[in-house]
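K.L.:
fold the following and give me the result.
(2 chains)
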Amino acid sequence: MTNIPIITAHNVSAKFGRHTIWSDASFTVHAGEFVALLGPNGAGKTTLMRILLGLMPVASGELRMFGEPPRRGNKRVSYVPQRHPVDTEIHIEALEFVRLGFANAWGFSLPKTAQKERAQALAALRMVDAQTLAHRPLGALSGGELQRVFLAQALLGKPDILLLDEPLANLDIRRETQLVQLVNQVARTQNVAVVLIAHNINPLLPVVDRILYVVNGKVASGTPSEIINTETLSKLYDAPIEVLHDSRGRLAVLGSEEAIHHHE
Amino acid sequence: MNNILAASASFSPNLIRDLKEMWQYPFMQHAFQAGTLVAIVAGVVGYFVVLRRLSFAAHALSHIGFSGAAGAVLIGLNPLAGLLAFTVGGGATIALLGKRAINQDVQIGTVLAFILGLGVLFISLYKGYATEAYSLLFGEILGISARSVAITAIAVLLTLAAVTVLFRKLVFTSIDEDVAEAKGISLPGMNVAFMVLVALAVSVSVQVVGVLLIFALMVTPAAIADRIAKRPVQGVAISVGVSVLATWVSLFVSYYLPYPVSFFITSLTFGGYLVVRVWQWCSKTSS
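P.N.:
Model prediction:
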């Protein structure tokens, strides 16, 4: 509705204690954009997400979300953390889990409110095509089903941006593609921006508008073709990297992991 | 004394008459009153203990409470005062040492070891036999005074009021801590609040089942609920139902049989847990 970008970052840096994780991050995320946040393990992708959530301060630079400094509990921001596989013993049904999205409130929900919340939770499940899972215990769901339930919870309350931390981890290639398509479809129809942390760009290439690449203490931002090329990546990693294209437009990045090991 | 009365009682198939008969005795009235109060609070708080996989904390707090009771006896105070002071202090310390709600094992272990050491010191310093402190080890439901019932009622009401206010935040942080934090709920705040609630619930429960058997009311009924309930509200209801029922049946039975009430409570709840496990195992293999 307004032209204020969802996220603007100017020369932002992040520190953990005295250790600088990355610096000089400058990028913008606009309403409805699909952004992939890439980079090797330990590069500080989750750190960036925690900063956006207001769970960690920036060390320097200026970061704005909706024109304001990030703050915890902002209703316009939803988050799906990277989870270890949910306890298989947990018997709470998916619908109740989705309903937790409303739960930052004191007291009990009176029956009428509870009913309304459950209706909205069911609608959110329907949005991610998971209404059949509503009454299944969380512990009985597969990895892909869980990710859909998590996504439904995040969609509750109509946020403007979804922050998804490695939703594709532990999914096989087919489920990976399905989930990416689902996130994309929901993001486009609901006009929600998405920042999605991933290791592999390939399943994301058909849908992604922008890439944030965190590596070697730097954060690069650009369109996929600007970032995923031999020259940019070699500069980012400070080591020779080769990007290969196959006949179907898929990319393969070679040499990156080795480069990281040399640096650490 | 109780056993003499019990020996003269005889069971009849008319349960109402049986209850009327046993309620003639103030000690049985107090036992039913305190037992019910404790079963309710242990069932409610216990459900969250199980949801957060924190049963070791409940266990530890009850032992910590024993040291507090021993300390109170040593300096001539009411053991319940020492029990409350130590469990609340210990609970808050454990919560502050650990960042996350789950996986606080190590913090709990270190705090527990230190405070049990204190308890050993207190008992060795006490000249004489610390009966009052020892009675907390196994609970003494048949020896509860009207005054203790009143104190228990106040503690239970306070705890239940706090749970009611915190209910949704407790459920959220118990099931989905990371998202709860991002939504603006203070995790350290909730952890401390929750551990203080556990401390209160433990302090009132040990009067009935004792330090060593705290799991019978706080963990086993909640574990049954956790396996059956699909919604947190149902979970709390089942947990309370099981612990209240187990307490009533145990008190009833113990009126006729000369064995400790706590033994009946632990056996009944564990039996119930086994039934649920076997039933779920059967329905899983048959489907």
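K.L.:
use CA for all of it now, contacts and neighbours both
P.N.:
Noted.
K.L.:
burial check on the residue in the stretch 101-250 of chain A that chain B sits nearest to, number of neighbours?
P.N.:
Across the stretch 101-250 of chain A, the shortest distance to chain B (C-alpha to the nearest C-alpha) belongs to residue A:107, at 4.0 Å. Residue A:107: 17 surrounding residues under other C-alpha atoms under 10 Å in any protein chain shown.
K.L.:
that one contacts residue B:166, correct?
P.N.:
Yes. Between residue A:107 and residue B:166 a contact is recorded at 5.6 Å, counting by C-alpha atoms under 8 Å.
K.L.:
return the residues of chain A in contact with chain B.
P.N.:
Taking C-alpha under 8 Å from any C-alpha of the partner chain, the part of chain A that reaches chain B is made up of A:53-55, A:72-75, A:79-81, A:89-93, A:96-97, A:100, A:103-109, A:135, A:137.
K.L.:
list buried residues within these.
P.N.:
When those are checked for burial by 16 or more other C-alpha atoms under 10 Å in any protein chain shown, the buried set is A:53-55, A:72-73, A:75, A:79-81, A:90-93, A:96-97, A:100, A:103-104, A:107-108, A:137.
K.L.:
buried stuff in the helix or strand harbouring residue B:275?
P.N.:
Element membership of residue B:275, judged by DSSP states H and E, is helix B:261-286. When neighbours are counted by 16+ other C-alpha under 10 Å, the buried residues of helix B:261-286 are found to be B:261, B:262, B:264, B:265, B:266, B:268, B:269, B:270, B:272, B:273, B:276.
K.L.:
with stretch A:132-145 instead?
P.N.:
Here stretch A:132-145 shows A:133, A:134, A:137, A:138, A:139, A:140, A:141, A:143, A:144, A:145 as buried, counting by 16+ other C-alpha under 10 Å.
K.L.:
name the SS class of the closest residue to the fifth one other than its chain neighbours, please.
P.N.:
Spelled out, that is residue A:139. Distance criterion C-alpha to C-alpha, 6 or more residues apart in numbering or on different chains; nearest residue to residue A:139, sequence neighbours excluded, is residue A:88 at 4.0 Å. Here residue A:88 is recorded as coil under DSSP: H, G, I helix; E, B strand; the rest coil.
K.L.:
who's in contact with residue A:88?
P.N.:
Residue A:88 is in contact with A:138, A:139, A:140, counting by C-alpha atoms under 8 Å, 6 or more residues apart in numbering or on different chains.
K.L.:
what about the helix holding residue B:275, distance to the chain center?
P.N.:
The chain centre lies 19 Å from the centre of helix B:261-286; the measure is C-alpha atoms, centre = their mean, to the nearest Å.
K.L.:
phi first, then psi, for residue A:207.
P.N.:
Torsion angles at residue A:207 (phi, psi; degrees, to the nearest 10) stand at phi -120, psi -20.
K.L.:
right, and it touches residue A:183 too?
P.N.:
No. Judged on C-alpha under 8 Å, residue A:207 makes no contact with residue A:183 at a distance of 9.5 Å.
K.L.:
who has more neighbours, those two?
P.N.:
Neighbour tally, residue A:207 and residue A:183, criterion other C-alpha under 10 Å: the higher count belongs to residue A:183, 21 against 16.
K.L.:
state the distance from that one to residue B:265.
P.N.:
Distance check for residue A:183 against residue B:265: by C-alpha to C-alpha, to the nearest Å, it reads 51 Å.
K.L.:
likewise for residue A:160?
P.N.:
Distance, residue A:160 to residue B:265, by C-alpha to C-alpha: 52 Å.
K.L.:
could you list the domains of chain A?
P.N.:
A:7-228, A:229-264 (automatic domain parsing).
K.L.:
report the buried residues of the shortest one.
P.N.:
By that I understand domain A:229-264. A:229, A:233-234, A:236-237, A:239-243, A:251, A:253, A:256, A:259-260.
K.L.:
just stretch B:136-151 next, same as before
P.N.:
So for stretch B:136-151, counting by 16+ other C-alpha under 10 Å, buried means B:136-146, B:148-149.
K.L.:
do stretch B:222-233 as well
P.N.:
Neighbour-count burial for stretch B:222-233 flags B:222, B:223, B:224, B:225, B:226, B:227, B:228, B:229, B:230, B:231, B:232 (criterion: 16+ other C-alpha under 10 Å).
K.L.:
that one near chain A at all?
P.N.:
Yes. Counting by C-alpha under 8 Å from any C-alpha, contacts between stretch B:222-233 and chain A involve B:226, B:227, B:228, B:229, B:230, B:231, B:232.
K.L.:
contacting residues around the spatially closest residue to the third one that is not a sequence neighbour?
P.N.:
I take that to be residue B:228. Among residues not flanking residue B:228 along the chain, residue A:91 sits closest, at 7.0 Å (C-alpha to C-alpha, 6+ apart). Residue A:91 sits next to A:137, A:138, A:139, B:226, B:227, B:228, B:229, B:230 when contact means C-alpha under 8 Å, 6+ apart.
K.L.:
surely the first one touches residue A:92?
P.N.:
This means residue A:137. Yes. Between residue A:137 and residue A:92 there is a contact under C-alpha under 8 Å: 5.3 Å.
K.L.:
return the helix or strand in chain A with minimum mean pLDDT.
P.N.:
Of all helical and strand segments in chain A, the minimum by mean pLDDT, DSSP states H and E falls on helix A:256-263, at a mean of 47.
K.L.:
could you look up the SS state of residue A:213?
P.N.:
Classification of residue A:213 using three-state DSSP returns strand.
K.L.:
related to what we said a few turns ago, now the contacts of residue A:91 as TSV including distance to residue B:173?
P.N.:
Listed next are the contacts of residue A:91 as TSV, based on distance: C-alpha to C-alpha, whole Å:
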residue	distance to residue B:173
A:137	18
A:138	16
A:139	17
B:226	16
B:227	19
B:228	20
B:229	18
B:230	17
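K.L.:
in the helix or strand harbouring residue A:174, what counts as buried?
P.N.:
For residue A:174, the element it lies in under DSSP H and E is helix A:173-190. Within helix A:173-190, the residues that count as buried by 16+ other C-alpha under 10 Å are A:176, A:177, A:179, A:180, A:181, A:182, A:183, A:184, A:186, A:187.
K.L.:
tell me the confidence at the fifth one?
P.N.:
At residue A:181, the pLDDT value in this model is 94.
K.L.:
next one: the second one
P.N.:
The predicted local distance difference test score for residue A:177 is 91.
K.L.:
circling back: and the contacts of residue A:91 as JSON lines, adding pLDDT, distance to residue A:30 and secondary structure?
P.N.:
JSON lines is the format used below for those (pLDDT from 0 to 100; distance: C-alpha to C-alpha, whole Å; DSSP: H, G, I helix; E, B strand; the rest coil):
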{"residue": "A:137", "pLDDT": "92", "distance to residue A:30": "37", "secondary structure": "strand"}
{"residue": "A:138", "pLDDT": "90", "distance to residue A:30": "34", "secondary structure": "helix"}
{"residue": "A:139", "pLDDT": "87", "distance to residue A:30": "36", "secondary structure": "helix"}
{"residue": "B:226", "pLDDT": "92", "distance to residue A:30": "43", "secondary structure": "helix"}
{"residue": "B:227", "pLDDT": "92", "distance to residue A:30": "45", "secondary structure": "helix"}
{"residue": "B:228", "pLDDT": "92", "distance to residue A:30": "45", "secondary structure": "helix"}
{"residue": "B:229", "pLDDT": "94", "distance to residue A:30": "43", "secondary structure": "coil"}
{"residue": "B:230", "pLDDT": "93", "distance to residue A:30": "39", "secondary structure": "coil"}
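K.L.:
from those, pick the one nearest residue B:162.
P.N.:
Nearest to residue B:162 among the contacts of residue A:91: residue B:226, at 21.4 Å, using C-alpha to C-alpha.
K.L.:
ok, the closest one - contacts?
P.N.:
Shown in contact with residue B:226 (C-alpha under 8 Å, 6+ apart): A:90, A:91, B:47, B:50, B:51, B:235.
K.L.:
show me the shaky parts of chain A.
P.N.:
A:1-3, A:84-86, A:256-264 (pLDDT under 70).
K.L.:
quick one: the residue nearest to the spatial centre of it from residue A:121, how far?
P.N.:
With distances taken as C-alpha atoms, centre = their mean, the residue of chain A nearest its centroid is residue A:164 (2.3 Å). Noted for residue A:164: a distance of 19 Å to residue A:121, by C-alpha to C-alpha.
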